[in-house]
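> Quick one: sequence plus predicted model below, questions after.
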Amino acid sequence: MGVGVTQATLRSWIKSIAIGSATPDTIKQYIRAQAEKQYSMYSDDIKNGVSVMEIASPYIQSMGQVLEVNSNTLDPMDPTIRKALTRMGDNGKPT
């Protein structure tokens, strides 16, 4: 979803699901809330079910073409993509 998660956190979530103290939906809601905070300019889109990957896709495709790399090897956690996603124009809107 465009939010960094450690292996330890993933293991904890899996354990929580296994013992019944969390569900996949509650974890997905948590990740979505974190993505809304991290990419606040896209929060309405994220609330409406658009993933950070979908938002980042045009940037990823462009970067892949410019650098002549397989765009499937890029993701929203790439520093250049993250910078593009969080960049604001003079009008206060994403550029």
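Perfect, thanks for sending it.
> care to break the protein down by domain?
7-38, 52-89 (automatic domain parsing).
> May I see the buried residues of the last one?
It stands for domain 52-89. Neighbour counts over domain 52-89 (16 or more other C-beta atoms under 10 Å) mark 52, 55-56, 59-60, 63, 74, 76, 78, 81-82, 84-85 as buried. C-beta: built from backbone N, CA, C; applies to glycine.
> Can you give the distance of the lowest-mean-pLDDT helix or strand in the chain from its chain's centre?
Sorting the helices and strands of the chain by mean pLDDT, DSSP states H and E puts helix 79-86 at the bottom, at a mean of 89. Relative to its chain's centre, helix 79-86 lies at 11 Å (C-alpha atoms, centre = their mean, to the nearest Å).
> Which residues in whichever strand or helix holds residue 46 does the neighbour count mark as buried?
Using DSSP states H and E, residue 46 sits in helix 43-47. Judged by neighbour count (16+ other C-beta under 10 Å), helix 43-47 contains these buried residues: 45-46.
> change the start of the numbering to 500 and stick with it
Understood, numbering begins at 500; the last thing we discussed is helix 542-546.
> Mind checking what helix or strand follows it in sequence?
With DSSP H and E, the next secondary element past helix 542-546 is helix 551-566.
> ok, and what's touching that next one?
With contact meaning C-beta atoms under 8 Å, 6 or more residues apart in numbering, helix 551-566 is reached by 500-502, 534, 538, 541, 544-545, 568-570, 572-575, 577, 579-580, 583-584.
> quick check: mean pLDDT across it?
Across helix 551-566, pLDDT averages out at 94.
> quick one: it to helix 578-585, angle?
On the basis of axes from the mean of the first three to the mean of the last three C-alpha atoms, to 10 degrees, helix 551-566 is oriented at 120 degrees to helix 578-585.
> how far is helix 551-566 from where the chain is centred?
For helix 551-566, the distance to the chain centre is 13 Å (C-alpha atoms, centre = their mean).
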